[in-house]
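>>> Give the three-dimensional model of this entry:
(one chain, ligands or ions: 1)
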Amino acid sequence: MTIRVRFAPSPTGYLHVGGARTALYNWLFARHEGGELILRIEDTDRARSTEDAIRAIIDSMTWLGLDCDEGPYRQMDRLDLYAAKATGLVETGRAYLCYCEPEELEARRRAAAAAGGSPRYYRRCRALTPAEEADYIAGGRRPTTRFISRDEGETIVDDLIRGRVVFDNAELDDLIIMRPDGIPTYNFAAVVDDIEMGMTHVIRGEDHLPNTPRQMQIYEALGAEPPAFAHLSMILGADKAPLSKRHGATSIEAFRDVGYLPETMVNFLALLGWAWDDKTTLFSPADLKDRFSLDKVTRSPAVFDTAKLDWMNGHYIRQLTVAELAQRLIPFWRGAGLLPDGEIAAAELRRLEAMAAVCRERLVKLGEIVALTDFFFKDVDYDPAAVDKVLHKEGAAAALEAAAAKLAQIDDWTHDVLDTALRALADELGQKPGKVFQPIRVAISGRTVSPPLFESLEILGKETSVDRIKKARELA
Ligand code: GLU
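Residues are numbered from 1 along each chain as shown. Below is the predicted model:
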């Protein structure tokens, strides 16, 4: 039997951490088992589904490297199928048409609640006479289709992660499976598709566990074996509340846009509920594919730890070669308007690689490259605090003047030569090296913190460096 699983997002927003983890676990399970992953877009909520969201979900999955074997299928392209299945259930006596209008139902629910009764549908239309039905139709009412839930006994979900979960059938409502406009509801469409698409396993968030007994009854009514279910625990923020917008950006695009690497996200998301052992934290996608199994997925909620995410991203950034890192940084330079689109000349690429090399150790997120390196691309914006603190210090003007003169003599413009020359200059001036280096740093970058000084001078080139030092001399 080929393992078949699906990721079935509702395209009502971006792909968030929780959805991405569901997608990843399905992908890992499929890849580990040599199975197939299907992408199914559950777009039946017409008011909230958008094309942008579909695009964002697919882009995020592509960026994470989660390739699918089939799809995207869209539920809105499959309405005939759901209609036929619903009609079939009516014909076999497992569903019925319900003509109750929303206002009537609401009034009933309120009255029942006030009397301390159950909010469930009171099942009036289960037993309509042909005459009553004809009246409703003549009155222009358009029916929903309701599933006949079992009243008695229990429905048992043998969840691969949560174990045996027992649901009392008396709690289940006659749920609406088709709306009057011919669009199915989630529980019904998901089951019809999971059957038609041959799903062997359903791996999804714990929030869907209460839907599972209803869905199991629908499988049974449709004469199909349910798949195996695995419900993943919630993801919590550091404050132990369910992860939400309150905790900051949670969409995969937002993580991408500030410069987390896809290899970080895959590794990090994998650990939100799965562990290989109690010590290993770094896993490549290939390691994960080799090792992933549902029996190592935990039941307890996972906590989203931003400090760990940052640490991991720094790790993966330092795993990249300088050339790879520069390639990954290019979109950020472009995004900030520092680098034009189009082909990059070989000399410029070497310069970008040199910047990548000097910043590699200190980058936590790729996006930080912009603030670290903007002075290589454009005129310096002097930070007034840096001017005050460093350039206005006694001796700064003299140091800058001497440095400009000395550097103007150097032809072999490499960081080693510059290092030696500027240390010698500090000696000549009878100053500590820092007293000379710090004004030069502010002169070329405008700030008191920059990438390593000699490498920065080398990247900036002789002419620009000397010009900036002369200009800063005027400010000192
Ligand atoms: N469309 C549902 C969601 O996004 C899918 C649930 C399921 O996997 O069955 O939550």
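>>> ok, now how distant is the closest residue to residue 320 other than its chain neighbours from the ligand?
Spatial nearest neighbour of residue 320, chain neighbours left out: residue 328 (6.9 Å); criterion: Cβ to Cβ, 6 or more residues apart in numbering. Using the backbone N, CA and C atoms, a C-beta is placed for each residue, glycine as well. Distance, residue 328 to the ligand, by Cβ to the nearest ligand atom, to the nearest Å: 31 Å.
>>> Okay, residue 328 and residue 161: tell me how far apart.
Separation of residue 328 from residue 161 (Cβ to Cβ, to the nearest Å) stands at 35 Å.
>>> Compare these two (neighbour count), which wins?
Comparing residue 328 with residue 161 by neighbour count (other Cβ atoms under 10 Å), the higher total belongs to residue 161, at 19 against 16.
>>> Could you measure from that one over to the ligand?
According to Cβ to the nearest ligand atom, residue 161 and the ligand sit 14 Å apart.
>>> Quick check: that residue is in a helix.
No: Residue 161: not assigned to a helix; according to DSSP: H, G, I helix; E, B strand; the rest coil it is coil.
>>> In terms of pLDDT, where does it sit?
Per-residue pLDDT puts residue 161 at 97.
>>> right, and it touches residue 300 too?
No: checked against Cβ atoms under 8 Å, the pair residue 161 and residue 300 is beyond contact range at 10.5 Å.
>>> Now the common contact residues for those two.
Common neighbours of residue 161 and residue 300, using Cβ atoms under 8 Å, 6 or more residues apart in numbering, are residue 233.
>>> Does the ligand have contacts with stretch 205-213?
Yes: Stretch 205-213 lies within reach of the ligand by Cβ under 6 Å from any ligand atom, at residue 208.
>>> ok, back up a step: okay, the residue nearest to residue 320: pLDDT?
Residue 328 carries a pLDDT value of 98.
>>> Now do the contacts for it.
261, 320, 366.
>>> what would the residues you listed look like in a markdown table with pLDDT, secondary structure and distance to the ligand?
Converted to a markdown table, those look like this (pLDDT from 0 to 100; DSSP: H, G, I helix; E, B strand; the rest coil; distance: Cβ to the nearest ligand atom, whole Å):
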| residue | pLDDT | secondary structure | distance to the ligand |
| --- | --- | --- | --- |
| 261 | 98 | coil | 26 |
| 320 | 98 | coil | 34 |
| 366 | 98 | helix | 30 |
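>>> and of the residues you listed, the nearest to residue 20?
For the contacts of residue 328, the closest approach to residue 20 (Cβ to Cβ) belongs to residue 261, at 14.3 Å.
>>> right, and the closest one touches residue 316 too?
Yes: applying Cβ under 8 Å as the test, residue 261 and residue 316 come out as touching, 4.8 Å apart.
>>> Same drill for the two, tell me which one is more crowded.
residue 261 (22 against 19).
>>> in the stretch 151-300 of the chain, which spans are helices?
Along the stretch 151-300 of the chain, the stretches classed as helices by DSSP state H, counting those that start in this stretch are 186-196, 211-221, 252-258, 262-270, 285-291.
>>> JSON lines please, covering those helices and showing mean pLDDT and mean neighbour count.
Formatted as JSON lines, the helices of the stretch 151-300 of the chain follow (pLDDT from 0 to 100; neighbours: other Cβ atoms under 10 Å):
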{"stretch": "helix 186-196", "mean pLDDT": "98", "mean neighbour count": "22"}
{"stretch": "helix 211-221", "mean pLDDT": "98", "mean neighbour count": "20"}
{"stretch": "helix 252-258", "mean pLDDT": "97", "mean neighbour count": "19"}
{"stretch": "helix 262-270", "mean pLDDT": "98", "mean neighbour count": "23"}
{"stretch": "helix 285-291", "mean pLDDT": "97", "mean neighbour count": "16"}
